[in-house]
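In: based on what follows, work out the 3D shape:
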Amino acid sequence: MTALAPPDQGLRTEYPFVLPRGFVDEQGTLHREGVMRLATARDEITTQTDPRVRQNPAYLTVLLLERTLVRLGALPIVDTLVVECLFASDLAFLQDLYRRINQSGHTEVDVSCPACGHGYAVDIAGDAPGEA
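Out: Here you go, the predicted model:
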């Protein structure tokens, strides 16, 4: 027999985040807060067959993020140009977030205090300003 989840614990498909540095648009506006959605099979399959990925397999990351970033700051759209222009630290952050939500299903990491050894969970998507 399968246990059913309580009604208030539905499937979470979108994950808010705050970029460590942020994307600066052409007007100089900084965009740090965003939302990433879970990837679908179509996202994974379509990006794998894209000619740009065939030429450069590293481009897969750009396409997957473009498809799954629902929002970034006040930008009207998140396209490949936006993803290509992210700072390397923000790209790495989003790659890790993508992996965590699509493989683990959450954005929390288990950490422990270096002084006392007490363990606790930290939400890496967070909503506190990031530091680099």
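In: just the C-alphas of the host helix or strand of G34, formatted as CSV.
Out: Assigned by DSSP states H and E, G34 belongs to strand 30-37. What follows is strand 30-37 as a C-alpha-only set of coordinates in CSV (Å, rounded to 0.1, in the frame of the first residue of the first chain):
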residue,chain,number,x,y,z
LEU,A,30,21.3,44.4,-11.2
HIS,A,31,19.1,41.4,-11.3
ARG,A,32,19.7,38.8,-8.5
GLU,A,33,16.4,37.2,-7.5
GLY,A,34,14.9,34.6,-9.7
VAL,A,35,13.0,31.4,-10.0
MET,A,36,14.0,28.1,-11.6
ARG,A,37,11.5,25.4,-12.4
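In: direction included, what does that strand pair up with?
Out: In the sheet, strand 30-37 lines up against strand 14-24 (antiparallel), strand 69-72 (antiparallel) (DSSP bridges).
In: which of those strands sits closest to L30?
Out: Of all the strands paired with strand 30-37, strand 14-24 sits nearest to L30, with 4.6 Å by CB to CB. Placement of C-beta: from N, CA and C, glycine included.
In: chain center to that closest one: distance?
Out: 8 Å (CA atoms, centre = their mean, to the nearest Å).
In: which helix runs longest in this protein?
Out: Counting residues, the longest helix found in the chain (DSSP state H) is helix 88-99.
In: pLDDT averaged over that helix - what is it?
Out: Averaged over helix 88-99, pLDDT sits at 97.
In: what's the angle from it to strand 30-37?
Out: Calculated by axes from the mean of the first three to the mean of the last three CA atoms, to 10 degrees, helix 88-99 forms an angle of 20 degrees with strand 30-37.
In: mind giving me the packing neighbours of helix 88-99?
Out: Using 3 or more CB pairs under 8 Å, 6 or more residues apart in numbering; DSSP states H and E as the contact test, the elements touching helix 88-99 are strand 14-24, strand 30-37, helix 59-68.
In: L97 against R37, yeah?
Out: No - contact criterion CB atoms under 8 Å: L97 and R37 do not qualify, at 11.2 Å.
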